[in-house]
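[1] what's the 3D shape of this:
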Amino acid sequence: MGVADGAGRRRAQKKSQSVHKSIGKVASSDKKWSGLSPAAVTVVALAAVAAVWWSMALGGAQDVDGSTRQPRDAVEVDLSQSPTPSKPRDARAVSRKDSENELVKAGADSEQGRHALVVRRLERLLHRGAHPDVVLRIRYELADAYHALSNNKGVEEQLTRAAQFAEQRGSDEKAVARWNLAKLHLGRKVLPRESIISLLLGVVEADPQHDNALHWLGHQLMQSPTGYRDAAAYLSRVRLSKLTDSNPLDTVMLLGQAQERLGNLEGTAVAFGKAIKLYEATKRDGRQMQDKIRYRFALSHFQYCKALLLLGEAERALHAATAASYEFPEVYHIMDAVGLSLAAAGRWKETVAHYNAVQGHLKTWPDFARGMPERVLGATFAKLHEDRRRRSSNRDAQIRNFEIDEENGGWPQTVLHNLTTTKCNIDIRPGLTPKQFMTEYANRNLPVIVPDALKDWPAVKTWQRASFEAKYGKKPVRVRRSVDIAYDNEFGGLRAAEVDLVQYLNDTFGPTDSPITNATQSRSGDTRYVLQSLDWGTGFREDYIPPIFFSSSDFAWNSSQRDAAALAFFGPAGSSVTLHEHTNAWNALMYGMKRWVMLPPYVQYGPTGLPVEQWLSEWYPRFKDEAFECTQLPGDLLYVPTNYMHTLVNLRASIGVAVEFGHNLQLLRRGVQGAQAELNAQSQ
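    I've put the predicted structure just below:
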């Protein structure tokens, strides 16, 4: 109760006393009532009292400022009108359903009215000068009321003012005020990621151990191409038991992913091991799990086994994978973990039997659900099978000798000799037939290069610098940093500049008639790159001829899907794409030179967001024995197998097209059949 309520009550008491005195005078002195009996006088007096009190209820109490304040539950009633008698219900009467809906709306309106009253009272209190110790509480109450009124602008204003007030006072509640504002924008998803990260950093600055802010800071950083380094540091500080605005499972999974991107396998195993403990605790407590949460727990088990395998701890991985297979028999990642662990433990016969059983099990799945399992399991088994072949054949890398094309289609000629290598352990097969390609490469998930495969393409002429610019110069292109491309293609959200092609070419290489065109890799030294699907009408599609090697119906995507997935690429020497993976794809280089490094499934590859030159220097030496690599030359057609983690760098200005065409539907079945046939032959 406020001061205004007390004053109003005293005025009402005085008015009531005055009424009682008046009634007494009327009853004792007015001659009109002298002939009435005492009982009649009492009735008249009571009626007068009721009328006065009723007028007070309708008129409302006056506030200290003289304004009339309606009671909270006051209802306006016109007593001069007698109630309308109910009429018989006819066909035009409101239905029961509509009547109930109106009743619900009326209730909602009543709720809205109460929240609006809260807003008026608290805003008036702030205007009059509330005590500083309660201002923050008032701001939070106002924010709640505005939220109930669906007034997002009002909520944001109150939380912003609360944060500003806390800053001015140097209050201990500074972190709380900053967190409330950050949480609002996390939910609304309107501010750019950089602004939300800034808000969260402010919370952590005020309270270095604010667990919810640490979690969401790590979450936001993981959505940027190189933010995983800082994300790992923040997420590792979170106390899982203190989280109130996030799920502890989210925290440990994010931490595990960050550690994996950093190449820290021990940290990856520890993080996903915590997720397994969370699962065991949830199960022990008898708590119900949604299917989505259960699936994420299964993925955590898989990631834990994968980390152990990459650490060389095959027996521990096999034990963990076997236990997980009883918990999650329906999750194909766990099926893969068991097979990988069996192979790592040297139990090849059991490995083949396991994947054979899995392949039969997948036949019972609906067609729409089999694609990803077939892709992942098929690529895994092909890798395991090929590992055995490579160990027995001792296949060494070859030297690919090549001469530098002096013309390069009018594109700049500069070559990055510091990144150039002649090492090549990818087969180079001139004259390869489609049947040979399917048998020797596609069904074994191995890369291959077919040289001189583009000589009949119209692009031989139309993709020369002058012709390309004349034909497509006015078309828009998205220009991105090389380090951002792979991440943006997978997750999206990058705000990339869009310019006309001719502007990009001139900014990157200089005008076609400039003397620096063939003398430098780029005027600015920048490594801006264009790799994108181009909606340029039929002209671009007519420039290239889809290779016959990939026309088999064994591949998942039809011609329309492939055309939609076609990516044109062009950029200066030094432009690149960081580590990434996808389904089967072909890459045709019309002009330029590219260095490729590919790593088969389940080979350690280190950080995924590093610039390619840095990754080649710091991490490649650790994995070079597992890697497939070669330099792609003008006219080369390269097959990139499904699920190979790979990276590339343009050694000179390059232009071409890349097309993804889906996974091999028969890869798992044919791989298992081939391995089983080998085992049968060995046993005879």
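
[2] where exactly do the helices run in the stretch 501-650 of the chain?
    501-509, 538-541, 559-565, 612-618, 620-623 (DSSP state H, counting those that start in this stretch).

[3] list the buried residues for the last one?
    To tie it back to what came earlier, the one meant is helix 620-623. 620, 623 (16 or more other Cβ atoms under 10 Å). Any C-beta I mention is one placed from the backbone N, CA and C, and that applies to glycine too.

[4] and for the first one?
    The neighbour-count criterion (16+ other Cβ under 10 Å) identifies 501-502, 504-506, 508-509 as the buried residues of helix 501-509.

[5] name the nearest of those residues relative to P434.
    Nearest to P434 out of those is L501 (Cβ to Cβ; 34.4 Å).

[6] what sits against that closest one?
    469, 472-477 (Cβ atoms under 8 Å, 6 or more residues apart in numbering).

[7] picking that back up, which of the helices of the stretch 501-650 of the chain sits closest to N664?
    The nearest among the helices of the stretch 501-650 of the chain, by Cβ to Cβ, is helix 559-565 at 14.3 Å.

[8] what is the mean pLDDT for that closest one?
    Throughout helix 559-565, pLDDT has a mean value of 84.

[9] before we move on, what about stretch 504-519?
    63.

[10] again, but for stretch 117-129
    Mean per-residue pLDDT for stretch 117-129: 80.

[11] also stretch 274-293?
    Mean predicted lDDT for stretch 274-293 stands at 90.

[12] likewise for stretch 177-189?
    82.

[13] can you give me the buried ones in it?
    Those would be 177-186, for stretch 177-189 by 16+ other Cβ under 10 Å.

[14] and what of stretch 662-673?
    For stretch 662-673, burial by neighbour count (16+ other Cβ under 10 Å) applies to 662-672.

[15] please apply the same query to stretch 259-273.
    So for stretch 259-273, counting by 16+ other Cβ under 10 Å, buried means 259-265, 267-273.

[16] stretch 447-459 too?
    Neighbour counts over stretch 447-459 (16+ other Cβ under 10 Å) mark 447-451, 453-454, 457, 459 as buried.

[17] likewise stretch 135-149?
    So stretch 135-149, judged by 16+ other Cβ under 10 Å, has buried residues 135-136, 138-143, 145-146, 148-149.

[18] what does that stretch rub up against?
    111-112, 115-116, 118-119, 122-123, 125-126, 130, 152, 154-155, 158-159, 161-162, 165-166, 171, 173, 177, 180.

[19] repeat the analysis, applying 7 Å as the threshold.
    Contacts to stretch 135-149, defined as Cβ atoms under 7 Å, 6 or more residues apart in numbering, come from residues 112, 115-116, 118-119, 122, 125-126, 130, 154-155, 158-159, 161-162, 165-166, 173, 177.

[20] buried subset of those, written for ChimeraX?
    Entered in ChimeraX, the line below selects the buried ones among these, by 16+ other Cβ under 10 Å:
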select :115,118,119,122,125,126,154,155,158,159,161,162,165,166,173,177
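
[21] so which of the buried residues of stretch 447-459 are in helices?
    Using DSSP state H, the subset of the buried residues of stretch 447-459 located in helices is A459.

[22] in JSON lines, list the buried residues of stretch 447-459 along with pLDDT and distance to P572.
    Listed next are the buried residues of stretch 447-459 as JSON lines, based on pLDDT from 0 to 100; distance: Cβ to Cβ, whole Å:
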{"residue": "P447", "pLDDT": "95", "distance to P572": "25"}
{"residue": "V448", "pLDDT": "95", "distance to P572": "28"}
{"residue": "I449", "pLDDT": "95", "distance to P572": "23"}
{"residue": "V450", "pLDDT": "95", "distance to P572": "26"}
{"residue": "P451", "pLDDT": "93", "distance to P572": "24"}
{"residue": "A453", "pLDDT": "92", "distance to P572": "25"}
{"residue": "L454", "pLDDT": "94", "distance to P572": "21"}
{"residue": "W457", "pLDDT": "93", "distance to P572": "23"}
{"residue": "A459", "pLDDT": "91", "distance to P572": "19"}
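
[23] tell me where the stretch 51-200 of the chain has helices.
    Using DSSP H, counting those that start in this stretch, helices in the stretch 51-200 of the chain cover 96-128, 132-148, 152-169, 174-188, 193-206.

[24] ok, now the stretch 301-450 of the chain?
    314-327, 332-344, 348-362, 367-393, 434-440.

[25] comparing the ones you listed, which gets the lowest mean pLDDT score?
    Checking each of those, the one with the poorest mean pLDDT is helix 367-393, at a mean of 83.

[26] number of nearby residues for H580?
    16 (other Cβ atoms under 10 Å).

[27] let me see the contact set for the closest residue to it other than its chain neighbours.
    Excluding its sequence neighbours, the residue lying closest to H580 (Cβ to Cβ, 6 or more residues apart in numbering) is A486, at 3.8 Å. Residues counted as contacts of A486 (Cβ under 7 Å, 6+ apart) are 577-580.

[28] 10 Å instead?
    Contacts for A486 (Cβ atoms under 10 Å, 6 or more residues apart in numbering) come out as 225, 531, 576-582, 608-609, 646-647.

[29] and what of R390?
    So R390 contacts 425, 600, 626 (Cβ under 10 Å, 6+ apart).
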